[in-house]
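Q: Structure, please.
(chains A and B)
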Amino acid sequence: MLKLASWNVNSLKIRLDQVLEWFDSERVDVLAMQETKLLDENFPMNAFIEKGYHVVFSGQKTYNGVAVISRYPLSDVLTDIPDFNDPQRRILVVTVAGIRLINLYVPNGSELTSDKYQYKLNWLQKVTTFIQQQMSIFPNLAVVGDFNIAPEDRDVHDPAEWAGSVLVSPAEREAFMQLLQLGLYDSFRNFIQDEQIFSWWDYRAAAFRRNRGLRIDHILLSKSLNALCRQSVIDKEPRKSERPSDHAPVWVELDLNVS
DNA sequence: ATGGCAATCTCTGATTGA
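A: Coordinates of the predicted model:
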């Protein structure tokens, strides 16, 4: 079994000890992180290397930043969408354990009238083309990360309250559907899940305690990998800890033998 | 309708997130 996870850590500097503790105690094999918010020169690579883990990262100051840590070697790294000039560090692509892993921190979009929303839609279009190209090369492919899209109303605690906002707009949901139409599967929906399961809760207004959340962190799997998916889980426990990230980690278990 | 909380770099308040 291979346990593959994704977590928006909202500053790896603040969350380093929590990440290490969770990675170890949950016996995660591969963890894709978003919002590390660290320049590469400040990335705490020794904290992972001294434990024997493999690590790659693509960071920037204050905002964004993505990384992957793994018990297995990481190779064939990409840090940009080809033919798309973007200074923001939002994608990290690696090959690990025979899987092409695409780690995304999709832009938030701010609000529907914002330039950032247009940037988000354009970014999604560019990354979709890239993923399509990667899928033609790598049958075992996973697209994971903070998508900043709640795909359906059941992924939103109060759809009426959220109507007209980013994360739930028709254009964003259409972009998400286009990823599925490439032949990717939303692994969470492979299984019967409880209702009102989310991966993000606002820090404000006791949103976590009231379970006022959204499911915006996803693990999408190609058909051959999805056939090996035995579990897809959102782990709320780290969100309960002191000084938590506002996102919960998500993980899948894949019935793969890795040497 | 608004603000609420957290992280960052410091323009010690403004900006961003979702």
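
Q: Enumerate the residues of chain A near DNA strand B.
A: Taking Cβ under 7 Å from any atom of the strand, the part of chain A that reaches DNA strand B is made up of A:8, A:10-11, A:13-14, A:35, A:37, A:61-63, A:107-108, A:110-111, A:116, A:146, A:148, A:166-167, A:200, A:202-205, A:214, A:216, A:243, A:246-247. Just so you know, the C-beta spots here come from the backbone N, C-alpha and C atoms, and that holds for glycine as well.

Q: Check the spacing between the residue lying closest to A:Asp153 once chain neighbours are set aside and DNA strand B real quick.
A: Of all residues not flanking A:Asp153 in the chain, A:Pro159 sits nearest, at 4.1 Å (Cβ to Cβ, 6 or more residues apart in numbering). Per Cβ to the nearest atom of the strand, to the nearest Å, A:Pro159 is found 14 Å from DNA strand B.

Q: phi, psi of A:Pro159?
A: phi -60, psi -30 (degrees, to the nearest 10).

Q: That one contacts A:Arg173, doesn't it?
A: No - in this structure A:Pro159 lies outside contact range of A:Arg173 using Cβ atoms under 8 Å: 11.7 Å.

Q: the more surrounded of these two?
A: A direct count of neighbours by other Cβ atoms under 10 Å for A:Pro159 and A:Arg173 places A:Arg173 higher, at 17 against 13.

Q: and that one, that's in a helix?
A: Yes - counting by DSSP: H, G, I helix; E, B strand; the rest coil, A:Arg173 is part of a helix.

Q: Leaving out the residues flanking it, which one is nearest to it?
A: Leaving aside its chain neighbours, A:Arg173 sits nearest to A:Pro151 (6.0 Å; criterion: Cβ to Cβ, 6+ apart).

Q: dump the residue contacts of that neighbour.
A: If you count contacts by Cβ atoms under 8 Å, 6 or more residues apart in numbering, A:Pro151 has them with A:173, A:176-177, A:186, A:215, A:218.

Q: Could you tell me how far A:Trp251 is located from DNA strand B?
A: Counting by Cβ to the nearest atom of the strand, the gap from A:Trp251 to DNA strand B is 18 Å.

Q: Neighbours of A:Leu122, how many?
A: No Leu there; residue A:122 is Asn. A:Asn122 has 13 neighbours, counted by other Cβ under 10 Å.

Q: and it, that's in a helix?
A: Yes - under three-state DSSP, A:Asn122 sits within a helix.

Q: how much space between it and DNA strand B?
A: For A:Asn122, the distance to DNA strand B equals 14 Å [Cβ to the nearest atom of the strand].

Q: where in the stretch 51-200 of chain A is pLDDT low?
A: By pLDDT under 70, the stretch 51-200 of chain A has no low-scoring segment.

Q: For DNA strand B, what's the nearest residue on it?
A: With Cβ to the nearest atom of the strand as the measure, A:Asn108 is the residue of the stretch 51-200 of chain A nearest to DNA strand B, at 3.3 Å.

Q: Grab the nearest non-local neighbour of that residue.
A: Nearest residue to A:Asn108 in three dimensions, chain neighbours excluded: A:Asn148, at 5.2 Å (Cβ to Cβ, 6+ apart).

Q: correct me, but the one you found touches A:Leu104?
A: No - taking contacts as Cβ under 8 Å, A:Asn148 lies outside contact range of A:Leu104: 9.3 Å.

Q: ok, those two, which is more surrounded?
A: Neighbour totals were compared for A:Asn148 and A:Leu104, and A:Leu104 leads with 27 against 23 (other Cβ under 10 Å).

Q: Which strand residues bridge that one?
A: A:Ile91, A:Gly145 (DSSP bridges).

Q: can you tell me how far it sits from A:Leu74?
A: To A:Leu74, A:Leu104 is 17 Å away according to Cβ to Cβ, to the nearest Å.

Q: could you pull out the strands for the stretch 1-150 of chain A?
A: Secondary structure of the stretch 1-150 of chain A (DSSP state E, counting those that start in this stretch): strands at A:2-8, A:30-34, A:54-58, A:66-70, A:74-78, A:91-96, A:99-105, A:141-146.
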